[in-house]
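**Student:** turn this into a model:
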Amino acid sequence: MTERNAVASRTYPRQHDTTGFVRTSPAKLFAHVDDHARLASHMSKSSLMMGGGRMEIEPDEGRGQGVGSRIRVAGPVFGIQLSLEEVVVERTPPRRKVWETTFPPRLLVMGHYRMGFEITPMPDGSQLRVFIDYALPEAAPARWLGYLFAGFYARWCTRRMVRDAAKAFAI
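**Tutor:** You can find the predicted model right below:
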């Protein structure tokens with residue numbers, strides 16, 4: 001089975017999404033959130049949710065802005081070195097983008113995931129919906145941590161992405 005077929009055949013039993021209004025056009029909003037470092041900036045800053053650590057976001061030469069483009073993310077969280085690789089599987093400017101983990105991610109509370117955003121034109125701006133579909137880690141103790149904290153983390157992450165996008169275009 002090819003890597004793409006393996007990614008396409010994954011199931012994600014858990015989901016979360018956050019929707020919010022952003023005061024800009026769909027094209028400007030897409031250009032803003034299509035920059036993965038900007039969209040995931042909450043992970044690259046030290047915070048309580050990141051256990052005092054921060055992740056480095058390294059897109060490939062395609063900058064994570066084309067189907068097949070890859071993004072590597074790595075860094076310490078709560079003193080544990082985490083890492084993952086994502087591949088862009090869908091990109092339809094200015095409406096939608098989706099990416100998924102490739103190899104088994106080394107994370108604390110989530111296993112493989114599919115994540116993305118959808119933009120809908122609205123009067124005076126755009127509606128941004130950020131979603132994550134995910135599985136829990138397969139091995140203990142990460143699986144136990146996932147049962148306890150994955151939903152909380154999914155909410156925090158999607159809310160931060162929507163909030164940060166709205167803040168970037170606030171008047």
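**Student:** which residue would you name as the spatial centre of this protein?
**Tutor:** The geometric centre of the chain, computed from its C-alpha atoms, lies nearest to Met115 (Cα atoms, centre = their mean), at 5.0 Å.
**Student:** what about the longest strand seen in the chain, distance to the chain center?
**Tutor:** As assigned by DSSP state E, the longest strand anywhere in the chain is strand 80-92. In terms of Cα atoms, centre = their mean, to the nearest Å, the centre of strand 80-92 is set 8 Å apart from its chain centre.
**Student:** returning to what we had before: who's the residue nearest to the centre of the chain bridged to?
**Tutor:** Trp99, Ile132 (DSSP bridges).
**Student:** that one reaches Val98, doesn't it?
**Tutor:** Yes - between Met115 and Val98 there is a contact under Cβ atoms under 8 Å: 7.2 Å. Where C-beta positions appear, they are placed from N, C-alpha and C, glycine not excepted.
**Student:** residues contacting the residue nearest to the centre of the chain?
**Tutor:** Under the criterion of Cβ atoms under 8 Å, 6 or more residues apart in numbering, the neighbours of Met115 are 86, 98-100, 130-133.
**Student:** CSV for those, including pLDDT and neighbour count?
**Tutor:** Shown next, in CSV, are the contacts of Met115 (pLDDT from 0 to 100; neighbours: other Cβ atoms under 10 Å):
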residue, pLDDT, neighbour count
Glu86, 94, 23
Val98, 97, 17
Trp99, 96, 23
Glu100, 97, 21
Val130, 97, 23
Phe131, 98, 18
Ile132, 97, 22
Asp133, 97, 20
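**Student:** what's the closest of those residues to Gly151?
**Tutor:** Closest to Gly151 out of the contacts of Met115 is Ile132 (10.4 Å), distances taken as Cβ to Cβ.
**Student:** any idea how far Ala31 is from that closest one?
**Tutor:** Counting by Cβ to Cβ, to the nearest Å, the separation of Ile132 from Ala31 is 22 Å.
**Student:** so, low pLDDT: which residues of the chain?
**Tutor:** 1-9, 41-54, 171 (pLDDT under 70).
**Student:** all strands of it, in order?
**Tutor:** Counting by DSSP E, the chain has strands at residues 14-22, 56-59, 70-77, 80-92, 96-101, 113-122, 125-134.
**Student:** quick one: which of the ones you listed is nearest Ala37?
**Tutor:** strand 56-59 (4.8 Å).
**Student:** partner strands of the closest one, parallel or antiparallel?
**Tutor:** Strand 56-59 sits in its sheet next to strand 70-77 (antiparallel), going by DSSP bridges.
**Student:** tell me which residues in stretch 131-150 are buried?
**Tutor:** The neighbour-count check on stretch 131-150 (16 or more other Cβ atoms under 10 Å) flags 131-137, 142, 145-146, 150 as buried.
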